[in-house]
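*Asks:* sharing a model that was predicted from the sequence below.
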Amino acid sequence: MIKLEREDFIFEVKEELSCYEDIGQKGASEWEKGFNAKFPDVKAVSIDDESEIFEIADEYLEALETGSVSSYWKNFKI
C-alpha cells in the first residue's frame, strides 16, 4: 500500500494522462478539475501500487472516448 499526499496523487495521474496523445495537458487538467470537484476534502490517497495510476488513466481515456465522463466520476472511488 502506498499513501500519496493529494498533490502527489494528482501529479502522478496527470503525468500519466498527459502521455496519452488523445488527452494531453488539457485533458489532464480536466481530470484534475473533476477530481477536485468530487473529492474537495481528501488530503491523501492510498493505492495498492503504481498500476492503479495507470488504471485510472486508462479508465479516463475510455470514458472520454465513449462520452461517459460523468459515469466515470460517478463510479470513481479512492
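*Replies:* Sure, I can see it.
*Asks:* report the spatially nearest residue to L4, omitting neighbours in sequence.
*Replies:* V45 (5.3 Å; Cβ to Cβ, 6 or more residues apart in numbering). Backbone N, C-alpha and C define where each C-beta goes, glycine included.
*Asks:* would you agree the one you found falls within a strand?
*Replies:* Yes: counting by DSSP: H, G, I helix; E, B strand; the rest coil, V45 falls inside a strand.
*Asks:* quick one, helices of this structure?
*Replies:* Counting by DSSP state H, the chain has helices at residues 6-18, 24-38, 51-66, 69-75.
*Asks:* out of these, which is the most enclosed?
*Replies:* Per residue and on average, the most neighbours among the helices of the chain fall to helix 6-18, with a mean of 18 (mean count of other Cβ atoms under 10 Å).
*Asks:* count the residues that sit near V45.
*Replies:* 19 (other Cβ atoms under 10 Å).
*Asks:* got a list of what the residue nearest to L4 touches?
*Replies:* By Cβ atoms under 8 Å, 6 or more residues apart in numbering, the contact list for V45 reads 3-4, 6, 9, 78.
*Asks:* pLDDT on stretch 10-26, on average?
*Replies:* Mean pLDDT, computed over stretch 10-26, is 94.
*Asks:* which residues sit against it?
*Replies:* 4, 27-29, 31-32, 35, 50, 53-54, 56-57, 60-61, 64-65.
*Asks:* can I get it in PDB? Just the C-alpha atoms.
*Replies:* Provided in PDB are the C-alpha atoms of stretch 10-26 (Å, rounded to 0.1, in the frame of the first residue of the first chain):
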ATOM      1  CA  ILE A  10      -2.900  14.400  -8.700                       C
ATOM      2  CA  PHE A  11       0.500  15.000 -10.200                       C
ATOM      3  CA  GLU A  12       1.100  11.300 -10.800                       C
ATOM      4  CA  VAL A  13      -2.300  10.800 -12.500                       C
ATOM      5  CA  LYS A  14      -1.900  14.000 -14.600                       C
ATOM      6  CA  GLU A  15       1.600  12.900 -15.700                       C
ATOM      7  CA  GLU A  16       0.200   9.600 -16.900                       C
ATOM      8  CA  LEU A  17      -2.700  11.200 -18.600                       C
ATOM      9  CA  SER A  18      -0.500  13.700 -20.400                       C
ATOM     10  CA  CYS A  19       1.300  10.900 -22.100                       C
ATOM     11  CA  TYR A  20      -1.900   9.900 -23.900                       C
ATOM     12  CA  GLU A  21      -2.000  11.700 -27.300                       C
ATOM     13  CA  ASP A  22      -5.800  12.000 -27.100                       C
ATOM     14  CA  ILE A  23      -5.700  13.600 -23.600                       C
ATOM     15  CA  GLY A  24      -2.600  15.700 -23.300                       C
ATOM     16  CA  GLN A  25      -2.200  18.500 -20.800                       C
ATOM     17  CA  LYS A  26      -5.600  20.000 -21.400                       C
END
